Structure formats: C-alpha cells, structure tokens
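Participant: kindly generate the corresponding structure for this input.
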Amino acid sequence: MENKEVSAISITELSELANINRKTFYLHYHSIDAVFAEIEDDLIYSLKAIIEDYHFESDQSKILALFIRMNHLINDDYEFYNHL
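Facilitator: Next up is the predicted model:
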C-alpha cells in the first residue's frame, strides 16, 4: 500500500511479498478485498472493545479517555491506516 493503490495490488504481488505461495493465499482468502475486509473487521472489533469498556450513561467524563484510547489504537499503526 506504500507503493501503489490498494485496487492495483495483485494476489501474485501480495503472495510474493508475504513469501507464500498463491495457493496458500487462496486457502485463507478468495480475493484481495477479503483481506481488507478482515483488516476492517479487526479494526472495528478493536474499536468496539474500547467503546464497550466505558459506561457513558453513568459518567460522561470518560469520553476523553475513550478518545485517547481510540487515538492510540489508530496512531500505533498510523501509516497503515493512512494508506488503507
């Protein structure tokens, strides 16, 4: 994603960069879009877990702490999410 648009990445290129056989790729995913869908699902799961840790009904002062944790999550892999 640093070198080209996501839509231009081929399974062959990705497999070569990951040092796996294309058949191995297809054992786990049916397309490049499926890889990115899983990445998005992982991010959503992480964000949801952070949100569920806070109970805003009883204490709205926790909103700042929520946004700080979410910010850390994104900043830890900022370059990746920026390209995504």
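Participant: how far does the top helix by length along the chain sit from the chain's center?
Facilitator: Scanning the chain for the helix with the most residues, using DSSP state H, yields helix 32-52. Chain-centre distance of helix 32-52: 5 Å, with CA atoms, centre = their mean, to the nearest Å.
Participant: again, but for stretch 4-23
Facilitator: On CA atoms, centre = their mean, the centre of stretch 4-23 falls 17 Å from that of its chain.
Participant: end to end, how far does that stretch reach?
Facilitator: Across stretch 4-23, the terminal residues are separated by 23 Å (CA to CA, to the nearest Å).
Participant: check stretch 3-20 too.
Facilitator: 20 Å.
Participant: buried sites along it?
Facilitator: For stretch 3-20, the buried set under the neighbour-count rule, 16 or more other CB atoms under 10 Å, comprises 9, 15. The C-beta positions use only the backbone N, C-alpha and C, and glycine is treated the same way.
Participant: stretch 25-36 now?
Facilitator: Within stretch 25-36, judged by 16+ other CB under 10 Å, the buried ones are 25, 29, 32, 35.
Participant: name the residues that touch the lowest-mean-pLDDT helix or strand in the chain?
Facilitator: Least confident helix or strand of the chain, by mean pLDDT, DSSP states H and E, is helix 78-83 with a mean of 79. Taking contacts as CB atoms under 8 Å, 6 or more residues apart in numbering, the residues outside helix 78-83 that touch it are 1, 2, 6, 43, 74.
Participant: and it, C-alpha only, in PDB?
Facilitator: Provided in PDB are the C-alpha atoms of helix 78-83 (Å, rounded to 0.1, in the frame of the first residue of the first chain):
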ATOM      1  CA  TYR A  78      -1.000   5.300  11.500                       C
ATOM      2  CA  GLU A  79       0.900   4.700   8.300                       C
ATOM      3  CA  PHE A  80      -1.100   1.500   7.600                       C
ATOM      4  CA  TYR A  81      -4.500   3.200   8.300                       C
ATOM      5  CA  ASN A  82      -3.500   6.200   6.400                       C
ATOM      6  CA  HIS A  83      -2.900   4.000   3.300                       C
END
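Participant: would CSV of the buried residues of stretch 25-36 with distance to residue 78 be doable?
Facilitator: Formatted as CSV, the buried residues of stretch 25-36 follow (distance: CB to CB, whole Å):
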residue, distance to residue 78
25, 26
29, 25
32, 22
35, 20
